[in-house]
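Chemist: coords please:
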Amino acid sequence: MKHNIKAAILFMAFACTAMSAMAQFSKPRRTYLEYIITTDHADRNYNTGEQANVKIEAYKGGVPVDGVKVHYTTGDEMFPAERKDSTTFRAGVATIPVGTRTEPGFKACNLQFTVYDKTVKDMVKVAFSPYDIKPFTTMPDDFDRFWQKTLKKAEKTALDPEITPLPKYSTDKVEVALVKINVGPDGRHMYGYLTKPRDGRRHPVLFCPPGAGASKISPTTYYSEHGFIYLNINIHNGCNPELDDAAYAEAKSNAEGYNRRGIGSKETFYYREVYAGCSRCIDFLCTLPEWDGRNVGVTGGSQGGALSIVTAALNPKVTFCSPFYPALCDLTGFRHGRAGGWPKYFNKTAEADGAEETMQYYDVVNFARRLKCPVFYSFGYNDETCSPTSTFAAYNEITAPKTLSTTPTSGHWRFTETNDESVEWMKHFCN
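Modeler: Numbering: from 1, shown residues only. Below is the predicted model of the structure:
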């Protein structure tokens, strides 16, 4: 009996010690330093001539930060800072005067402060009369003739799709396959992943061109789970995503520097075959027996957002378009002292002779002007890759029915909720 009592006492002592240790070193459920940044206009939109102010609220362990200095710079987005200064937290609040603009556009505020050895670095962009931002891009007289000629040339090559089922990616609800499509002369082709719902019904088709670079694409069943026949592609020859890493690296190397390749002439620019190839991908999707015969969509982000707008403008089969933070917008912006779109031509570097004229034929602004289908358009204000100045410049030129969903706190990425919003919008247009 005494042995059992002693054992029980020892067990309880051990348990108490363990619980004490757990309490002492338990993982915190929130960060010690918490902060939120707001502006005195809730939507971060101001009229030209208005003064914009950024407010930072910060707490350490729930106690307002006091006496801590905030260092900041302000100036036009993507240009050197115009002002460098500091302010101080008082009762948990610090205010930064961002200034104003006399012309429509964006200003950026970069800030930094340190609390308990934790340094916070953040950025805020605010807009001035953003719906009045006008692009510098002009429309060439032969713009339509040039692209009609380009598309006719691409259409002379039979698509001859090679479709290889990929059970390793498929589910009980979605079938996944690798596709190789001939999209132009001289062996021009694109690889992609095709996903289809396994329900025996006919569905809308949805095309997704890729972001910048030549990295491997991956299949996703997300859109087919929402009822779309979905195709995402790589735009570069030979970039089969099912290759092993060594072979893919070799194929990928052929795309190095592609976004400036041949830029001296509209006839030789790399994107000419890319734009035409994306249109041919729509033609391929519309040959599938599972297509519902009516609904054709395009969606993508960054370069993929640009190619979504381009494809919707070039191919009349497209019935809805959902671009996110599109690249390649208002490409001569930096030439005029204002932020331009990715890949930031004329920003600190010279371009090849003839580049500025070439860009008129490839700038997304001119394709936005040609859109006829409904558009769901989304981007964030804090984007440092595709400037919101440039994306607004393209958006403002769209005369087709359009819906804008801005998320000021996001950068070159999207919230899951915004992506879901775009999917519901697209489903609404499928009848």
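Chemist: Show me the shaky parts of this protein.
Modeler: Where the chain drops to pLDDT under 70, the residues are 1-25.
Chemist: so residue 193 bridges to which residues?
Modeler: Under the criterion DSSP bridges, residue 193 forms beta bridges with residue 178, residue 232.
Chemist: In this model residue 219 seems to touch it, though I could be wrong.
Modeler: Yes. Residue 193 lies in contact with residue 219 (Cβ atoms under 8 Å); the separation is 3.9 Å. Any C-beta I mention is one placed from the backbone N, CA and C, and that applies to glycine too.
Chemist: got any residues that touch both of those two?
Modeler: Residues touching both residue 193 and residue 219 (Cβ atoms under 8 Å, 6 or more residues apart in numbering): 166, 169, 176, 232.
Chemist: can you list the residues you listed in a markdown table and add distance to residue 383?
Modeler: Output for the shared contacts of residue 193 and residue 219, formatted as a markdown table (distance: Cβ to Cβ, whole Å):
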| residue | distance to residue 383 |
| --- | --- |
| 166 | 34 |
| 169 | 31 |
| 176 | 31 |
| 232 | 22 |
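Chemist: buried subset of the residues you listed?
Modeler: Listed as buried from these are 166, 169, 176, 232; burial here means 16 or more other Cβ atoms under 10 Å.
Chemist: In what element of secondary structure is the spatially closest residue to the second one that is not a sequence neighbour found?
Modeler: In this case it means residue 169. Once flanking residues are discounted, residue 169 sits nearest to residue 176: 3.9 Å by Cβ to Cβ, 6 or more residues apart in numbering. Element membership for residue 176, per DSSP states H and E: strand 174-182.
Chemist: by contact count, what packs against that strand?
Modeler: Judged by 3 or more Cβ pairs under 8 Å, 6 or more residues apart in numbering; DSSP states H and E, strand 174-182 is in contact with strand 162-165, strand 189-197, helix 271-285.
Chemist: neighbouring contacts of the helix or strand hosting residue 250?
Modeler: Using DSSP H and E, the element containing residue 250 is helix 245-253. Outside of helix 245-253, the residues within contact range by Cβ under 8 Å, 6+ apart are 214-216, 236-241, 243.
Chemist: Repeat that for stretch 95-104.
Modeler: Contacts for stretch 95-104 (Cβ under 8 Å, 6+ apart): 39, 46, 48-56, 70, 72, 74, 76, 82-83, 87, 107, 109, 111, 124, 126, 128-130, 132-134.
Chemist: Tell me where the stretch 1-150 of the chain has helices.
Modeler: Secondary structure of the stretch 1-150 of the chain (DSSP state H, counting those that start in this stretch): helices at 2-24, 143-155.
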